[in-house]
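> Any chance you could fold what I've pasted below:
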Amino acid sequence: MRARSAVLIVFLGIWAMSPSRAEAQWLRTGRIEGGKIHALARAGQSVFAATDEGVFVSSDGGATWTPAGSGLPDKVVVRAFAGTEAGLFAGTNAGVFVSGDRGQTWRAANAGFAAKTNVSALAVSGMGLFAGTTAGKVYFSGNGGRSWKASDSGLPKGSPVNCLAACGTYLFAGTDRGLFRSGDGGRRWTEAGKGLPKEDKAARCVAASGTKLFAVVGSEAGRVFLSTDNGASWKDANSGLNTGMFPGETAVLCLAVNGSDLFAGAQAGRDFLITKEKMDWVNFGGGVFLSTDGGENWIAVKSGLPDGTTVTGLLANGTDLLAAADSGAIWRWPYSDDAGEKWHNLGIGRLLAGRADEAVSDLARAVRINARDAEAWYYLGEANMRQEQFDSAIGAFKQATELKPDHFDAWVSMGACYGNTHRVSDAIACFEQAVKLKQDSGDAWADLGFGYLQAGRPGDATAALKKAAELRPHDFEVRLWLGQSFGMAGRFVEAITVFQKATELKPDDFRGWLLLGRSFQLAGRNDDAIGAYQKTVKLKDDDGEGWFGLGYCYRRGGRLEDSIAAYKKAVQFLPDNVIAWNNLGDAYMEASRVDEGIAATQKAIELDPKSAVARCTLGECYHKAGRVDEAITSFREAVKIKPDYDFALFNLGDCYREEGKAAEAVAAYEQAVKANPSRAEAWYGLGFCYEKTGRAKDAEDAFEKARKLKPELFKK
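Purely as a prediction, here's the structure:
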């Protein structure tokens, strides 16, 4: 009835990074005590903010703010701005208001609106002024806001208009039910959805940069999409735009265009953080991102913004960028300095000094000024990589390699970023390019070999890592990876040789002994494996894998009590490891300590209720304890999880045979030999059941198959 204990696979290796933090370049210039800031606008030298409590104005670049002049209702909610020759227009929950004196006085401009019109969006086109409402309507004014008329044929009724934008001869309206466009001045609208999400398709923001159009799509905050054909089709434009806690998580609220630069303001997340010191809610992500190539790639420019800053509004004017936070704070990022080389060198200096946050800001300025500076892109990638902003780093490294295809360091670093975000095939492609450029680089060959290992390509891994070992003969890590590549290919003798060399290079590093023990074990050299595992746990007493290996090998050598002691140490350090608990239960069972075996295997099942192996081991324990009914239940549960589990089926047949249930036993044995025709014990039990049910010829055939497979069964 004895089962074979499960084996724990050991695999070592990682593309490691060393993050750093430092001071930053964003400057907090002021704060508005007016609730949420929805939009920013500039008129002359003044900056205006649309808030939940009216319009605020600053005449000193955002340092100080005061409520705008008279004419606006008290506590009016302002959501949008638009500027024309007639003045600055504000979209509010009380309609549209206009100021012709840069915010000193305001007057209503609502002729033609329905009563209590809540204006949520404004846009200026060559034809005039458009206003969108929370009721899902669009209005047009061709006379500077003196009168309005509905212009919403084709828009979804009742779906709030979140944004309006003009691009060439087209007008775009973002609604909760999708993005719509009009080519006839707003008279007729059609959905512009090809390439946009089919669900969760609310359009939150639209911005134009030359012939390119950008849209933010998502129910609350979303992803960025790019169109180059006036909105007829769209494609995802989020490379490097990781705004949240996890890679690829994107939540953009607003966009701003300044020449060829595109900025995105992101929404932060919120989660409950539990540490040893405290439990508290924390914000994460958010901030500002920059694209200098029309949305193809993005880089984070969050240096100085507190982590977890939600940016609700952006304003770029050629000399600096203003960002409005949901807290009411206004932040300024100056980027007008035209000395690109200055920012290039300053960024590199700060990066080398470990001030990666500041380096990102400086190098982002450098590439904005000179987008063809391959070295600046490379160091910008390095700075982002130091902060584990891998997607942003990849975007910068791509720029560097496009400008300079033979940039060896950029290929290597980009490969490391792909590796750290589990995009192994992309990592391999980068390292393959790197070794083509510099065939004598042991580092690149090692990284390539490790990539092949991760991809499950042991032959390619072995070739690359042998090359790395030739170039770096004293590199311990390369030896570990090379040995693992041999082991993955089943070449255990060669793996043993490599790991023995590794233990010579670093005799006090437990990892070499652990992998050497594993190779001895798989090569069938049980005593040697025990020696290597004993060395492992001597060097690192809390290494659960080393104790696991010892438990396995002690069991194989018949040292059951030593096996139990080792497995008990294994589960102490690997308390959630199902295999270790199962094997401990199996060892207890073999040592006739069935109650302890039952408890251990029940723990394994508690950790993984779908573990067929643990269910089978529990059945063996029950069987050995004479609790046959419970054994049958456990074996049946194992087979339910894994119908072709021949070992469980064979044991189930044995239990039925002992209970005198010949028909049930025959069915179980027949399934067992169907699943595994070489299971001699199942043929043997089947022969007895056939005899008992009068099937003499079938019994003879079954016994003959058992005899050929395992003659010793007939010597009992």
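
> which non-adjacent residue is nearest Leu584?
Tyr567 (3.8 Å; Cβ to Cβ, 6 or more residues apart in numbering). Where C-beta positions appear, they are placed from N, C-alpha and C, glycine not excepted.

> pLDDT wise, what is that neighbour at?
What the model reports as pLDDT for Tyr567 is 96.

> And for Arg187, the neighbour number?
By the measure other Cβ atoms under 10 Å, the count of residues near Arg187 is 12.

> which ones are touching it?
151, 153 (Cβ atoms under 8 Å, 6 or more residues apart in numbering).

> isn't Cys621 right next to Ala587, touching?
No. Taking contacts as Cβ atoms under 8 Å, Cys621 lies outside contact range of Ala587: 11.0 Å.

> Quickly list what's touching both of those two.
Counting by Cβ under 8 Å, 6+ apart, the common neighbours of Cys621 and Ala587 are Gly597.

> Tell me how far Leu129 lies from Gly142.
8 Å (Cβ to Cβ, to the nearest Å).

> same thing with Ala316?
Counting by Cβ to Cβ, the gap from Ala316 to Gly142 is 29 Å.

> try Val571
79 Å.

> try Glu712
As judged by Cβ to Cβ, Glu712 and Gly142 stand 100 Å apart.

> so the residue nearest to Leu584 is in which element?
Assigned by DSSP states H and E, Tyr567 belongs to helix 560-573.

> what distance separates that helix from the centre of its chain?
Helix 560-573 sits 36 Å away from the centroid of its parent chain (Cα atoms, centre = their mean, to the nearest Å).

> helices or strands up against it?
Packing partners of helix 560-573 (3 or more Cβ pairs under 8 Å, 6 or more residues apart in numbering; DSSP states H and E): helix 544-556, helix 578-590.

> want to throw those into TSV with mean neighbour count and mean pLDDT?
Putting the helices and strands packed on helix 560-573 into TSV (neighbours: other Cβ atoms under 10 Å; pLDDT from 0 to 100) gives the following:
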stretch	mean neighbour count	mean pLDDT
helix 544-556	25	95
helix 578-590	27	95
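
> how about these in a markdown table, adding distance to Gly168?
Output for the helices and strands packed on helix 560-573, formatted as a markdown table (distance: least, Cβ to Cβ, whole Å):
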| stretch | distance to Gly168 |
| --- | --- |
| helix 544-556 | 63 |
| helix 578-590 | 61 |
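
> Minimum distance to Lys75: which of these has it?
Lys75 sits nearest to helix 578-590 of all the helices and strands packed on helix 560-573, at 60.5 Å, using Cβ to Cβ.

> Restricting to C-alpha, output that closest one in CSV.
Below are the C-alpha coordinates for helix 578-590, written out as CSV (Å, rounded to 0.1, in the frame of the first residue of the first chain):
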residue,chain,number,x,y,z
VAL,A,578,1.4,20.8,1.1
ILE,A,579,4.0,18.3,-0.2
ALA,A,580,6.0,18.5,3.1
TRP,A,581,2.9,17.8,5.2
ASN,A,582,1.9,15.0,2.9
ASN,A,583,5.3,13.4,3.1
LEU,A,584,5.4,13.8,6.9
GLY,A,585,2.1,12.0,7.1
ASP,A,586,3.4,9.2,4.7
ALA,A,587,6.5,8.7,6.9
TYR,A,588,4.4,8.5,10.1
MET,A,589,2.2,5.9,8.3
GLU,A,590,5.2,3.8,7.3
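
> Which strands or helices does it pack on?
helix 544-556, helix 560-573, helix 594-607, helix 612-624.

> Give me the contacts around that helix.
If you take Cβ under 8 Å, 6+ apart as the criterion, helix 578-590 is touched by 2-3, 5-8, 544, 548, 551-552, 555, 560, 563-564, 567-568, 570-571, 574, 594, 596-601, 603-604, 607-608, 611, 613-614, 617-618, 620-621, 624.

> Helix 560-573 and that helix, what's the angle between them?
150 degrees (axes from the mean of the first three to the mean of the last three Cα atoms, to 10 degrees).

> How far off centre is helix 578-590?
For helix 578-590, the distance to the chain centre is 35 Å (Cα atoms, centre = their mean).

> Check stretch 92-111 too.
46 Å.

> for stretch 585-598, same thing?
Taking mean C-alpha positions (Cα atoms, centre = their mean), stretch 585-598 and its chain are 42 Å apart.

> can you check stretch 564-578 too?
In this view, stretch 564-578 has its centroid 31 Å away from the chain centroid, taken as Cα atoms, centre = their mean.

> those strands in the stretch 1-150 of the chain, which residues are they?
Residue ranges of the strands in the stretch 1-150 of the chain, as given by DSSP state E, counting those that start in this stretch, are 27-31, 37-43, 46-51, 54-58, 66-67, 78-84, 87-92, 95-99, 107-108, 119-124, 129-133, 138-141, 149-150.

> and if you look at the stretch 601-716 of the chain?
Using DSSP E, counting those that start in this stretch, strands in the stretch 601-716 of the chain do not occur.

> Equivalent analysis for the stretch 201-350 of the chain, please.
203-209, 212-217, 223-227, 235-236, 252-258, 261-274, 279-291, 299-300, 311-316, 320-325, 329-334.

> now those strands as JSON lines including mean pLDDT?
JSON lines is the format used below for these (pLDDT from 0 to 100):
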{"stretch": "strand 203-209", "mean pLDDT": "88"}
{"stretch": "strand 212-217", "mean pLDDT": "90"}
{"stretch": "strand 223-227", "mean pLDDT": "91"}
{"stretch": "strand 235-236", "mean pLDDT": "92"}
{"stretch": "strand 252-258", "mean pLDDT": "88"}
{"stretch": "strand 261-274", "mean pLDDT": "75"}
{"stretch": "strand 279-291", "mean pLDDT": "73"}
{"stretch": "strand 299-300", "mean pLDDT": "72"}
{"stretch": "strand 311-316", "mean pLDDT": "88"}
{"stretch": "strand 320-325", "mean pLDDT": "86"}
{"stretch": "strand 329-334", "mean pLDDT": "82"}
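
> winner for burial among those strands?
The highest mean neighbour count among these, using mean count of other Cβ atoms under 10 Å, belongs to strand 299-300: a mean of 28.

> Given that strand, what are its sheet partners and their directions?
In the sheet, strand 299-300 lines up against strand 279-291 (antiparallel) (DSSP bridges).

> Give me the nearest residue to Leu40, chain neighbours excluded.
Leaving aside its chain neighbours, Leu40 sits nearest to Leu315 (3.8 Å; criterion: Cβ to Cβ, 6+ apart).

> Check Ala446 too.
Using Cβ to Cβ, 6+ apart, the nearest residue to Ala446 is Ala468, at 4.0 Å.

> contacting residues for that neighbour?
442-443, 445-446, 449, 475, 478, 482.

> What average pLDDT does the helix or strand hosting it get?
Ala468 is part of helix 458-471 when elements are defined by DSSP H and E. Confidence over helix 458-471 (mean pLDDT, whole number) is 95.
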